[in-house]
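Chemist: Here is a sequence together with a model predicted from it:
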Amino acid sequence: MWANRNAVAHLVLLAMAYGATAYQCDCTGRSNCMCPSLEAPGGMDPSDIPQFILFTHDDGIVPLTERSFRDVADSRQNPNGCPVRATMFTTSQDTDCDLAYGMWRDGYEIATHTADHTQMPEGFPKNDTLSEILGAKQFLTRQCGIPEEEIRGFRSPFLVTNPTVRQVLWENGFLYDSTLLEAVDSESVSTSMADRVWPYTLDFGIAQNCAWFSDTQTCKATERWPGLWEVPLWVLKVLGLEFTMDVGFYGGRGVYEPLKAAFDAAYSGNRAPVPIYVHTTWVEKQPSRLDELKEFADYTLEKGDVYWVTMAQLLAWMKNPVPASQLRKSKAMCAPPQAAQPTPQLPLNGANVTLTFKGATQTQVADQQQRMVAAVAELLGTAAADTFVVGTAGGPAAQNAVSAQSLEDGSHVQVTLAASGADPMALYQHAAPQTTRDALDAQLSAMGFEASGEAIVVPFRNGVALPTGAPAAAPVLAPTPAPAPVRVPGPAPAAMPAAKPAASPAAAVTGPVVVTEPAAAPTVVTPATTTSGDSTAATALPAAPGSAATTSSSGSGLSAGAIAGIAVGGVLIAVLIGVAVWTLAGWRLRRSPSDKHLAASSVGEPGSSRTSFTSSRGSPRKGSRNGSPTKKGGCDKLDIVASAV
């Protein structure tokens, strides 16, 4: 009966909101798909549904943030014995990495809130959107040490959002967004505080009435983001008051009363999650609010079936719902997060494999890492062992919050893997046949990757790259040949001598090296040892002999013909200068005394670098600065420079 009531009400409401183009959803046969509903998943009676409470924070994590959240959560437990936990939507701006890492280590969820808390309205550039969202994720991973795969949620600053934001989240493997407002009086899915919509996926678009909040939020009917969840930002409408965030900041009813009213409505209704969304300033401006919140927490936890969880924990339950009585016996929420595993030690013998993908992201690579490792191991054959990803470079995730490259033509991600093997050449030879490479491309395509060129395979022994007798892969480009030398014009140019090939540098190698920066045309990189020590440096393959620059036997870079041309040109210039000086001297001798006097009046004192002009009143000419003219009347010095290209 509950399911029928919910289905009918849901269809009626959506028809009212959308008319003839009503939102429709059917997750049959789809994995990780959930239609919007007023009923919790699992078809359980409301009394069997755990009542979840979502306690979240927006903005940077500072000492007051950490103390306040730990004061509420650390000393309290859910009915299954797991600690009360919260979700921190974190900006790069102002965040203390030690505090953020400590909270993540203890089970708090760290999500993102952009790098610089920048509004992203309709028309905000995609490049800047990428920088804000992925810049924050990059900061939390690289600076704070939180594993990338643990950062799965997002909320837009100021709750300002647009379709590009959701596109970036979907393309980069985020689990959920929590930005879209949902109010009981907005002609959306929710009808009352007792019947609010549960989180859902965006496989079939956005079910909420986004137009109601069109001044800050933009949605399009064509949006489809399969697998991306929307955890609504429910508006609390209780006791004649409305709160999107920071409950109790106005109205004179404090914190406890509005929260209790919202909780009681949900607990006796469809048990949709109760939101408590706050900022640090909420506590800072009135510390007593924290005491009221702790009182409310104690009131809810006395029920025996209420769970204060992170958003990721809520969605995990929705994917595999169990009744409250069974959840009480589960310790799944108690497990601390796993720290990032260290990269395995690089082998002395084996092969490097570099893959380049067009239009991919580092998040996609991380999601498919196990399958990719298996595919590369198959490429190298049974002689390969301990294949692993050494590192990735490029793609949107490599950008920071300050600058972003244009991605209109797609981005490239380069992944370097290493495999150990007693016979490195056997690995190389197994990967050489085109049929083997085609099989790898087919597997990568099935993972959703578009290869940009073939895999680059570099065998090495004792850390030294081995010669293969042929380029490792067809798309690898040799260094660009030096431009042809330009002849200097002259009366009798000599014939250019034959070019000598540049000496190829000896490549001494100590171990596999990761490609650290993407390039439009990837170059094979092998480990190389400097002659001064044990440190390693990436060394590109030497240029082909025919591409060396032309040099003279003296190393000056100029041929005999070029030198002769310069000499002849110098003689001609000297003759011209002599003629000019002779002509000028004769002209000065022919001038009248009055001309000489006029010329003398316009020349500054000896050694002076400034020329003075005076009017009849003795004041500086109009338009001059500090008595200097804006334009000189003649040329003080003539420099003739002869140069050869």
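Modeler: Great, that's in hand.
Chemist: Next, count neighbours for Ala374.
Modeler: Close neighbours of Ala374, defined as other CB atoms under 10 Å, add up to 12. Quick note: C-beta positions are derived from backbone N, CA and C, even for glycine.
Chemist: before we move on, what about Thr91?
Modeler: Neighbour tally, Thr91, other CB under 10 Å: 24.
Chemist: for it, what are its contacts?
Modeler: Asp59, Gly60, Thr112, His113, Thr114, Ala115, Asp116, His117, Ala136, Pro157 (CB atoms under 8 Å, 6 or more residues apart in numbering).
Chemist: okay, the fourth one: pLDDT?
Modeler: You'll see His113 listed with a pLDDT of 98.
Chemist: State the helix or strand in which the nearest residue to it once chain neighbours are set aside lies.
Modeler: The shortest distance from His113 to any non-neighbouring residue, by CB to CB, 6 or more residues apart in numbering, is to Phe89 (4.0 Å). Mapping Phe89 onto the secondary structure by DSSP states H and E places it in strand 87-90.
Chemist: which intervals of the stretch 151-300 of the chain have sub-threshold pLDDT?
Modeler: Regions of the stretch 151-300 of the chain meeting the criterion pLDDT under 70 are absent.
Chemist: need the helices for it, in chain order.
Modeler: Assigned by DSSP state H, counting those that start in this stretch, the stretch 151-300 of the chain shows helices spanning 163-171, 256-267, 280-285, 288-301.
Chemist: nearest to Ala366, of those?
Modeler: Closest of the helices of the stretch 151-300 of the chain to Ala366 is helix 163-171, at 13.5 Å (criterion: CB to CB).
Chemist: helices or strands next to the closest one in the packing?
Modeler: Other helices and strands packing on helix 163-171, by 3 or more CB pairs under 8 Å, 6 or more residues apart in numbering; DSSP states H and E, are helix 126-142, strand 176-177, strand 225-230.
Chemist: Rebuild these as CSV, extending it with mean neighbour count.
Modeler: Converted to CSV, the helices and strands packed on helix 163-171 look like this (neighbours: other CB atoms under 10 Å):
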stretch, mean neighbour count
helix 126-142, 22
strand 176-177, 24
strand 225-230, 20
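Chemist: CA atoms of the strand holding Phe89 as CSV?
Modeler: Provided in CSV are the C-alpha atoms of strand 87-90 (Å, rounded to 0.1, in the frame of the first residue of the first chain):
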residue,chain,number,x,y,z
THR,A,87,30.6,15.3,5.8
MET,A,88,33.0,18.3,5.3
PHE,A,89,32.5,20.1,2.0
THR,A,90,36.0,21.6,1.9
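Chemist: Residues touching that strand, excluding its own?
Modeler: Around strand 87-90, the neighbours that count as contacts under CB under 8 Å, 6+ apart are 54-61, 65, 69, 100, 103, 108-113, 136, 140, 153-155, 178, 310-312.
Chemist: sorry, back to before: among the contacts of Thr91, which one sits closest to Ala366?
Modeler: Ala366 has its nearest neighbour among the contacts of Thr91 in Thr112, at 15.6 Å by CB to CB.
Chemist: from what I can see the closest one touches Ser156, true?
Modeler: No: counting by CB atoms under 8 Å, Thr112 does not reach Ser156; the two are 10.1 Å apart.
Chemist: what about this protein, any weak spots by pLDDT?
Modeler: 1-21, 338-343, 361-363, 367, 394-411, 470-569, 571, 575, 579-645.
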